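> Requesting a structural model of the entry that follows:
(one chain, ligands or ions: 1)
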Amino acid sequence: MSAPARRAITWAAPLAAIALAATACSSTKNRSATTTGTVASTIAVQAGDKTCDVAKTELPAGRHTFEVHNTGAQVTEVYLYAAGDRVLGEVENVGPATKRNLIVELAAGSYQLACKPGMAGDGIRTTLAVSGQAVAAASTDPRLTAAVHSYRDYVEHETAELVDATTDLTAAVKAGDVQRARSLYPTARLHYERIEPIAESFGELDPLIDMRAEDVTAAEPFVGFHRLEQNLYQKNGISKSGSVADALLANTKKLQGVVAKVSITPLTMANGSKSLLDEVAKSKVTGEEERYSRIDLLDFAGNVQGSKYAYTALRPVLAERRPELVATLDKRFSTLLALLDSHRSAPGQKGYVTGSPYVAYNALGQDEIRALAVEVDSISEPLGTISSVVSDT
Ligand SMILES: [Cu+2]
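I've put the predicted structure just below:
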């Protein structure tokens, strides 16, 4: 799950130049799957230092290209948000007098487009109203169709693994076996984090499975993995956790049904991976996700692996259309994965957490955390250019 925008983000250096506010979404997740559109349009966005003029604010459902023109003097970025500030797409580092395309597929609903001159703050926002029903367009490039199939297989496989692991975890919790539950928790988490590039399409199941303690409201009590995590690692008591585990398991099974029907396109694969890694660099790297178990690096690895899978599926098309982009991404992914590998641990070694192949988050030094943030951030930028390359079917 994405970090709520309202949470104070303590991580600053060396990403100070990057907007830290409003990175992502809160728990109000009610947006259903985006739909592939047959309707395509180009909408001009004039992004100035104090203005953000969007040529059209009432749009039909389908694919839209926002042609962002930076008319100001500062570097800018533009985000497209669904309800609860969930990031659907973004372009960053748009220099003065330059243009970048933000391409998204929008289902009926209300959205916000935000220009962020200076790449800071909540941005200058415009509400977009999208209506109608878009029909899925078949790609004319068979390699893109194959990429979507391959990624769908991956997501379905990971979701099945998630259900299996959560079944075992639930049994251990209900048996009152804290040690066994702790040894099973990391595996279940890994499978969820791997499918997070498309968590946007999970609707309310995402917060129900992956919400944080601070997402709790009067209407939404603390449930899901992190509630179990708190009980297992911090409160050290699971005698009353049976119903939480049962509900979590039921939700992972529901997720399996959602995933089987979810609309996946090259664009949702590209935008989802980019937004997720952006969020990893900006907020997850602070250690906010697994604050009781400290298995944050496992989540980090799951997010990177899941994003890399989406990239790898699209790679044949990218290699033909933008060989230099593939060279960059191949290199950055392998550098990041090697860096993650350098933080592996095993039973009896320093920083070991039962069930996780990586050291505990609190065993990392500030410089090591910073290095991870820098590497993942350096992937997010080139990853952001994939959407425009694959959107030509
Ligand atoms: Cu998560």
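> Would you mark the buried spots in stretch 380-393?
380-391, 393 (16 or more other CB atoms under 10 Å). From N, CA and C alone the C-beta is placed, and that goes for glycine too.
> Redo those as TSV? Include secondary structure and distance to residue 198.
Below are these laid out as TSV (DSSP: H, G, I helix; E, B strand; the rest coil; distance: CB to CB, whole Å):
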residue	secondary structure	distance to residue 198
380	helix	17
381	helix	21
382	helix	20
383	helix	15
384	coil	17
385	coil	19
386	helix	15
387	helix	14
388	helix	19
389	helix	19
390	helix	15
391	coil	17
393	coil	19
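> Pipe these into TSV and attach pLDDT per row.
Formatted as TSV, the buried residues of stretch 380-393 follow (pLDDT from 0 to 100):
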residue	pLDDT
380	88
381	86
382	92
383	93
384	89
385	90
386	93
387	90
388	87
389	91
390	89
391	81
393	56
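> Tabulate those in a markdown table, adding columns for distance to the ion.
Below are the buried residues of stretch 380-393 laid out as a markdown table (distance: CB to the ion, whole Å):
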| residue | distance to the ion |
| --- | --- |
| 380 | 17 |
| 381 | 22 |
| 382 | 23 |
| 383 | 18 |
| 384 | 20 |
| 385 | 25 |
| 386 | 22 |
| 387 | 22 |
| 388 | 27 |
| 389 | 27 |
| 390 | 25 |
| 391 | 27 |
| 393 | 31 |
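> Count the residues that sit near residue 134.
A count of neighbours around residue 134, defined by other CB atoms under 10 Å, yields 21.
> What of residue 341?
Neighbours of residue 341 using other CB under 10 Å come to 11.
> Please enumerate residues in contact with the helix or strand harbouring residue 192?
Using DSSP states H and E, residue 192 falls within helix 178-194. Residues from elsewhere that reach helix 178-194, judged by CB atoms under 8 Å, 6 or more residues apart in numbering: 158-159, 161-162, 165-166, 168-169, 172-173, 209-210, 225, 228-229, 232-233, 236, 238, 252, 290, 293, 295, 298-299, 301-303, 305-306, 309, 353-356.
> One more pass at 6 Å, please.
158, 161-162, 165-166, 168-169, 172-173, 232, 238, 295, 298-299, 302-303, 305-306, 354-356 (CB atoms under 6 Å, 6 or more residues apart in numbering).
> Would you mark the buried spots in that helix?
Buried-residue list, helix 178-194, by 16+ other CB under 10 Å: 178, 180-194.
> Equivalent analysis for stretch 334-354, please.
336, 340, 343, 345, 351, 352, 353.
> which residue ranges form the strands in this structure?
40-47, 52-54, 58-60, 62-70, 76-82, 86-94, 99-106, 109-115, 124-131 (DSSP state E).
> Deepest-packed of those strands, please.
strand 76-82 (a mean of 25; mean count of other CB atoms under 10 Å).
> what is the rounded mean pLDDT of that strand?
Computed over strand 76-82, the mean pLDDT rounds to 92.
> From the chain's centroid, how far away is it?
Chain-centre distance of strand 76-82: 15 Å, with CA atoms, centre = their mean, to the nearest Å.
> can you list the strands of the chain in CSV and add distance to residue 363?
Shown next, in CSV, are the strands of the chain (distance: least, CB to CB, whole Å):
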stretch, distance to residue 363
strand 40-47, 42
strand 52-54, 44
strand 58-60, 49
strand 62-70, 42
strand 76-82, 34
strand 86-94, 31
strand 99-106, 39
strand 109-115, 37
strand 124-131, 41
